[in-house]
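> sequence first, then the predicted structure:
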Amino acid sequence: MIRIIPAGACACLLIILLAFCGCTGVPGYSTPTPTPTPSAPQTEVQTTIVTPTPAYQDADFLLVYQASRPRITDLSGKVDIALAKIQGVSVVSPTWSALSSKSGDLANAITNDSRNLSMYSNFQDPANTRLQSSYLGFLSKLNDVATDLRDGAKSAENNDFNSALASFEAAQTGLDSITYTPTNDQMAVIEEMKIHLNRVIGVVKQKIANAGAAT
């Protein structure tokens, strides 16, 4: 005779069987462990330091230098002409004014050229370094002369001949200190200026003497 096992008893029996086997899911099956996604390989960035080639300034300097020489010589010549026009004690005010103007033009040009030439410092040829130093030294001395001549002429124009004499004698000392010039033409102008300035100093001294005699 076959005994029918109730359904509830079957369910209980199945749960006991699974617990006994230590399984809570499908036999032989386990939850898969996620496989990590490989990261992209790191590419090392190579940093390249580029050292720029020095920009040598020789050519630019020489262009400015070559333009300055004739300009300064020309303006120096105009100052010399103004000096030469002062011939005696009868010199009139416009003549002193012309000397002041031409000397001022020379001083302004020297200041401008000196500033422009001083901008250059990176030379490939050492000779250009020496040339720059020599020419700037010449311009500095000539600038002092031009400034003294301008001041002396202004004083003479105002009949202040004692102050004029002091300025003109300072200019004379300045001219004597110039031993280097960039060209022979410039040296020739300097020598002419010495001659004419010496004559101007004589004129001023005579005016001072005449003023003293009149008092």
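That came through, no problem. On a predicted model such as this, the values are computed, not experimentally measured, just so you know. Residues are numbered from 1 along each chain as shown.
> which residues of the protein score low on pLDDT?
Low-confidence segments of the chain, defined by pLDDT under 70: 1-52, 215.
> mind listing the helices for it?
Secondary structure of the chain, counting by DSSP state H: helices at 7-21, 58-84, 93-118, 126-157, 161-177, 184-214.
> now those helices as TSV including mean neighbour count?
Backbone N, C-alpha and C define where each C-beta goes, glycine included. As requested, the helices of the chain are exported to TSV (neighbours: other Cβ atoms under 10 Å):
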stretch	mean neighbour count
helix 7-21	10
helix 58-84	17
helix 93-118	18
helix 126-157	19
helix 161-177	18
helix 184-214	16
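> I190 touches T183, doesn't it?
No. Counting by Cβ atoms under 8 Å, no contact exists between I190 and T183, whose distance comes to 10.7 Å.
> give the contact list for the residue lying closest to S101 once chain neighbours are set aside.
The shortest distance from S101 to any residue that is not its chain neighbour, by Cβ to Cβ, 6 or more residues apart in numbering, is 7.9 Å, and that residue is A82. If a contact means Cβ atoms under 8 Å, 6 or more residues apart in numbering, then A82 has 95, 98-99, 101-103 as its contacts.
> mind redoing it with 7 Å?
With contact set as Cβ atoms under 7 Å, 6 or more residues apart in numbering, A82 has these partners: 98-99, 102.
> so which of the residues you listed comes closest to I72?
Closest approach between those and I72, by Cβ to Cβ: K102, at 12.8 Å.
> how much space is there between the closest one and M193?
Counting by Cβ to Cβ, to the nearest Å, the separation of K102 from M193 is 11 Å.
> now for these two: what residues contact both?
Counting by Cβ under 7 Å, 6+ apart, the residues touching both K102 and M193 are V79.
> what comes into contact with stretch 165-185?
Taking contacts as Cβ under 7 Å, 6+ apart, the residues outside stretch 165-185 that touch it are 69, 73, 134-135, 138, 141-142, 144-145, 148-149, 151-152, 155, 187, 190, 193-194, 197-198, 200-201, 204-205, 208.
> same question but for stretch 138-146, I mixed them up
Contact partners of stretch 138-146, identified using Cβ under 7 Å, 6+ apart, comprise 79, 103, 106-107, 110-111, 113-114, 171, 174-175, 177-178, 180-182.
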